[in-house]
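> sequence unknown, structure follows:
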Ligand SMILES: C[S@@+](CC[C@H](N)C(=O)[O-])C[C@H]1O[C@@H](n2cnc3c(N)ncnc32)[C@H](O)[C@@H]1O
């Protein structure tokens, strides 16, 4: 992580009021739509949205899921997500503090994360993916700044001073090592992608948490 959790939280607290308006790029919208589409929760599913921000993904899934849990480190972003949930009359959404390493959640059927994991170093992403696997989801959909080719700070979505995106290969390895099978990879942009991982085999949540 290039900045500490507190530094990221403070940055997003400041940004929270303007965040939604500024997410106007075609690629952000395409990535968010794909994450929502692939998450595809059923009416009995508990969905966990990690790095939920102002709720772009979690709130969009709430009408189809039994419950949506949003976790983030920025109180400002979470406050906006709660306001939006109330405005939309969504009563099955719970937003609270939690990080990739310590989401403060027991289990989830579907885990989603959009444009958030790139704040972690590759080693931290690997650890976070193990934590996610330990929650026992049947599916994890990750949309993020992700390198399909050579990293290029001149291209959008990558600011080396704050971001630490992984290559698709690093993420694919971490997902399969954590017991997922990679079932889809969508390239939205040279530096933005969506990875869909489904639980493979019968590795139990206990087996998975042992290696965290
Ligand atoms: C670019 S926003 C994305 C928000 C939302 N997922 C979306 O698609 O619009 C990144 C979010 O990740 C959160 N974040 C950054 N580091 C985190 C961490 N270690 N654990 C949980 N959330 C984190 C930030 O606070 C911020 O709300």
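Yep, it's here. Bear in mind that the values here come from a model prediction, so they are computed numbers and not experimental data.
> not counting residues beside it along the chain, what's closest to residue 117?
Excluding the flanking residues, the one nearest residue 117 by CB to CB, 6 or more residues apart in numbering is residue 144, at 5.1 Å. Every residue, glycine included, has its C-beta placed from N, CA and C.
> how is the one you found assigned, secondary-structure-wise?
Here residue 144 is recorded as strand under DSSP: H, G, I helix; E, B strand; the rest coil.
> up against the ligand, what does the protein have?
Contact residues (CB under 6 Å from any ligand atom) of the chain with the ligand: 5, 8-9, 12, 23, 32, 50-53, 56-57, 72-74, 77, 99-100, 114-116, 119.
> now, those that are in helices?
5, 8, 9, 12, 32, 77 (DSSP state H).
> just the strands from this structure, written as ranges.
Using DSSP state E, the strands of the chain run over 46-50, 67-72, 93-97, 110-114, 139-147, 166-167, 180-189, 192-199.
> just the closest residue of the chain to the ligand, please.
residue 53 (2.4 Å; CB to the nearest ligand atom).
> which one is that residue nearest to, not counting chain neighbours?
Per CB to CB, 6+ apart, closest to residue 53 is residue 77, 4.6 Å.
> now swap in residue 88 and tell me
Using CB to CB, 6+ apart and skipping residues adjacent in sequence, the residue nearest residue 88 is residue 59, 6.6 Å away.
> need the contact list for the closest residue to residue 73 other than its chain neighbours.
Leaving out its chain neighbours, the residue that sits closest to residue 73 by CB to CB, 6+ apart is residue 9, at 4.4 Å. Residue 9 is in contact with 73, 74, 75, counting by CB atoms under 8 Å, 6 or more residues apart in numbering.
> count of residues packed around the first one?
A count of neighbours around residue 73, defined by other CB atoms under 10 Å, yields 20.
> can you check the last one too?
Neighbouring residues of residue 75 were enumerated by other CB under 10 Å; the total is 13.
> what's the pLDDT at the closest residue to it other than its chain neighbours?
In space, residue 75 comes closest to residue 13 once its chain neighbours are excluded; the distance is 6.3 Å by CB to CB, 6+ apart. Confidence at residue 13, expressed as pLDDT, is 97.
> before we move on, the earlier item: which residues touch the residue of the chain closest to the ligand?
Applying CB under 8 Å, 6+ apart to residue 53 gives the contacts 12, 19, 72, 74, 77, 81, 115, 116.
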